[in-house]
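# Got a sequence here, can you model it:
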Amino acid sequence: MRNFASLVKLARFKVEELQKQMGALDEARAHLESRAADLERSVPEEQVAADESREGFMAYGSYAQAVIERKNNLRASMVELDAQTAALRVQLEEAFLELKKFELMEERRLARIAEARAKAEQDELDEIAGKRAAR
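Take a look at the predicted model:
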C-alpha cells in the first residue's frame, strides 16, 4: 500500500501557489481598471481647464491623444491579463482535480487500513470466544 499523504501535500501546495498567482492577476486587473477609471475622470477636468485658457485649449489636443493611447494600452493589458487568467484558471482546475484524486486515494488507503485492523480485532475476539466456548 502506497502512502499518498506526500502527494496530497504536494498537490495542495501546487493549488495554493496557483491560487496566489490568480490573486495577483486579479489585483493587477483591479489596478488597471482603477487606472482606466482615473483616466476617464481626468478628461472632463482637463476639458474645463482647456476652456479657461488659450494655452490650455491648444494643449488639449495632445492631451486627448495621450489619453486615447493610454486607454488603448490599458485595454491591451487587460486583454493580456484576461488571457493569462483564463490559462491559469485551467491549470488551477487541473491541479484541484489532481488534489482531490490524491485525497480520495489516501482516504481509501486509510479506510482499508482501518478495515484490516477492525477485522484483525474481530478475528482475535472470535478466537478468544471460541477458546472460552471450548472450555
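# all helices in this structure, in order from the N-terminus.
Taking DSSP state H to define them, one finds helices in the chain at 5-52, 54-134.
# Which strands or helices does the last one pack on?
Spelled out, it's helix 54-134. Here helix 54-134 touches helix 5-52, going by 3 or more CB pairs under 8 Å, 6 or more residues apart in numbering; DSSP states H and E. (Each C-beta comes from the backbone N, C-alpha and C, glycine too.)
# from the middle of its chain, how far away would the helix it packs on be?
14 Å (CA atoms, centre = their mean, to the nearest Å).
# Remind me what it packs against, helices and strands.
In terms of contacts (3+ CB pairs under 8 Å, 6+ apart), helix 5-52 is packed against helix 54-134.
# now the helix it packs on against helix 5-52, angle please.
Interaxial angle of helix 54-134 relative to helix 5-52 (axes from the mean of the first three to the mean of the last three CA atoms, to 10 degrees): 160 degrees.
# chain center to helix 54-134: distance?
Relative to the chain's own centre, helix 54-134 is displaced by 7 Å; criterion: CA atoms, centre = their mean.
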